[in-house]
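K.L.:
below are the sequence and a predicted model; questions follow.
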Amino acid sequence: MLDLKETRGEIDRVDKQIIELFEERMELCKEVAEYKLYTGKPVLDRKRELEKIAVLKSMASDEFYAHSIEELFEQIMSMSRKLQYKLLTEEGINNDIGFDIISKLPMENVKVVYQGIDGAYSQQAAMSYFGDNATYHNVLTFKQAMKEVRDGVADYAVLPFENSTAGIVTDVYDLLVEFENYIVDSFDVKISHCLSAVKGTTLETIKEVYSHPQALMQSSKFIDEYGWNKVNCANTAIAAQIISQEKDNTRACIASKNAAKLYGLEVLAEDVNQSSINTTKFIIVSRRKIARREANNICISFEMPHESGSLYTMLSHIIYNDLNMTRIESRPVPGKKWEYRFYVEFEGKSDQPGVVNALSGINAEALNMQILGNY
Ligand SMILES: O=C(O)C(=O)C[C@]1(C(=O)O)C=C[C@@H](O)C=C1
């Protein structure tokens, strides 16, 4: 029988050679980086990589090794690219992500827009964040709020980003890519929904419940127990307004207690959301590319070639630079069937070298990378 210790000794000897050769190869890649620094040639040269892999595979003695060699060299070349991005960052190339670092968001006399009407949760969120020294106005769509921020009509928009029960607010995700506005802060608001209707309505007379799709989802257990139809509205407060105008006791709405009071409705049931920890994360959006000094989250979006391993390759930049990923979401790419845009959030600051390396790697290797904010 073979001696395990002896064989392991042989493995150790081969591994040492692999390390020496790997380091020798990386030193050569530094020379390539220097060449690229002066010529402005991009780090990634996929054509060269594919040609190399084909040649290396043809040297393998069987199919299994050919496949392993392909994986191994994909990794080696990925390490080589990461080293090159790091060297370029150290030379000051690619490291201006362009955020103005500020100590505090300007809050005095600012104009704040929210979606919905009086009594909307977004209004409540906006007022709790900006307080009495801001002026507030509402628009009917998230897109209009984004436009007003872009055009300077408003300094900030306060938009819902994600709910702990119903998930992400997909329209807001899409608009963050469509508009060149930036997330500058985020905060959580505890949400407690009420079922409200005009006087004379009871649980027995109701047939339809009006609300925003997210609020309907968050209260679906309660609504489905009674078998009521769900009717989508642009906003919970708009639903309350419709119910108060229609004066029809077959209809009720899901909205805040505040909205019920504002539109003269009676509260028939409180806290109808199935989760007692129902919370919505709101974001503050600005057209200025600013980041608070203590901001420690970065959100980016990118698309990728539809190839095996491409998401892994993008995320490897985050892992390699020791960054903690806190969110990953995907949305369909408009006009492209079964292709997705990814949204990735990770901890870090826009001027941190690891963040700059990761962003320059993803920017070079993904399609349409956008930095959505450092908040
Ligand atoms: O040959 C280059 O241009 C390199 O940068 C070296 C290398 C490699 O490691 O072999 C790395 C990245 C490129 O995408 C292609 C090849």
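P.N.:
Ah, there it is. A quick note: this is a predicted structure, and the numbers were derived from the prediction, not measured.

K.L.:
can you list the weak-confidence ranges in the protein?
P.N.:
Applying pLDDT under 70 to the chain picks out residues 94-96.

K.L.:
all helices for it, in order.
P.N.:
Ranges of helices in the chain, per DSSP state H, are 4-39, 46-58, 63-90, 121-130, 142-150, 170-178, 213-218, 220-226, 236-246, 257-262, 310-320, 353-365.

K.L.:
wait, which of the ones you listed is closest to residue 269?
P.N.:
Nearest of the helices of the chain to residue 269, taken as CB to CB: helix 220-226 at 7.3 Å. Any C-beta I mention is one placed from the backbone N, CA and C, and that applies to glycine too.

K.L.:
mind saving the C-alpha coords of the closest one as CSV?
P.N.:
C-alpha atoms of helix 220-226 as CSV (Å, rounded to 0.1, in the frame of the first residue of the first chain):
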residue,chain,number,x,y,z
SER,A,220,-53.8,39.5,2.1
LYS,A,221,-54.3,36.9,4.9
PHE,A,222,-56.9,39.1,6.6
ILE,A,223,-58.6,40.1,3.3
ASP,A,224,-58.7,36.5,2.0
GLU,A,225,-60.3,35.2,5.2
TYR,A,226,-63.4,37.2,4.2
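
K.L.:
so what's the residue nearest to the spatial centre of the chain closest to, chain neighbours aside?
P.N.:
In the chain, the centroid-proximal residue (CA atoms, centre = their mean) is residue 343; its distance is 3.9 Å. Using CB to CB, 6 or more residues apart in numbering and skipping residues adjacent in sequence, the residue nearest residue 343 is residue 329, 4.4 Å away.

K.L.:
kindly report the same for residue 268.
P.N.:
Counting by CB to CB, 6+ apart, the residue nearest residue 268 is residue 195, at 4.8 Å.

K.L.:
could you tell me how many residues sit around the one you found?
P.N.:
By other CB atoms under 10 Å, the residues close to residue 195 number 27.

K.L.:
return the nearest residue of this structure with respect to the ligand.
P.N.:
Nearest residue of the chain to the ligand (CB to the nearest ligand atom) works out as residue 80 at 3.2 Å.

K.L.:
now do the contacts for that residue.
P.N.:
By CB atoms under 8 Å, 6 or more residues apart in numbering, residue 80 lies in contact with 25, 26, 29, 32.

K.L.:
how close does residue 15 get to residue 8?
P.N.:
Using CB to CB, to the nearest Å, residue 15 is found at 10 Å from residue 8.

K.L.:
surely residue 283 meets residue 188?
P.N.:
No. With contacts counted by CB atoms under 8 Å, residue 283 stays clear of residue 188, the gap being 11.0 Å.

K.L.:
quick one, which of the two is more surrounded?
P.N.:
Between residue 283 and residue 188, counting by other CB under 10 Å, residue 283 is the more crowded of the two (25 against 13).

K.L.:
ok, now which ones touch the more buried one?
P.N.:
Per CB under 8 Å, 6+ apart, neighbours of residue 283: 158, 159, 161, 172, 183, 185, 186, 373, 375.

K.L.:
how many neighbours does the fourth one have?
P.N.:
If I follow you right, that is residue 172. By the criterion of other CB under 10 Å, residue 172 has 22 neighbours.

K.L.:
residues contacting it?
P.N.:
Residue 172 makes contact with 142, 159, 160, 161, 283, according to CB under 8 Å, 6+ apart.

K.L.:
next: residue 178.
P.N.:
So residue 178 contacts 143, 146 (CB under 8 Å, 6+ apart).

K.L.:
before we move on, what about residue 142?
P.N.:
Applying CB under 8 Å, 6+ apart, the residues near residue 142 are 115, 159, 169, 171, 172, 175.

K.L.:
nearest to residue 98, of these?
P.N.:
Using CB to CB, the contacts of residue 142 come closest to residue 98 at residue 175, 20.8 Å.

K.L.:
and that closest one, how close does it get to residue 368?
P.N.:
15 Å.

K.L.:
more neighbours: which of the two?
P.N.:
Between residue 175 and residue 368, counted using other CB under 10 Å, residue 175 has the larger neighbour count: 20 against 12.

K.L.:
wait, the residue nearest to residue 268 touches residue 266, no?
P.N.:
No. Checked against CB under 8 Å, the pair residue 195 and residue 266 is beyond contact range at 9.8 Å.

K.L.:
show me which residues of this structure sit near the ligand.
P.N.:
Counting by CB under 6 Å from any ligand atom, the residues of the chain close to the ligand are 29, 32, 44, 45, 48, 49, 52, 77, 80, 81.
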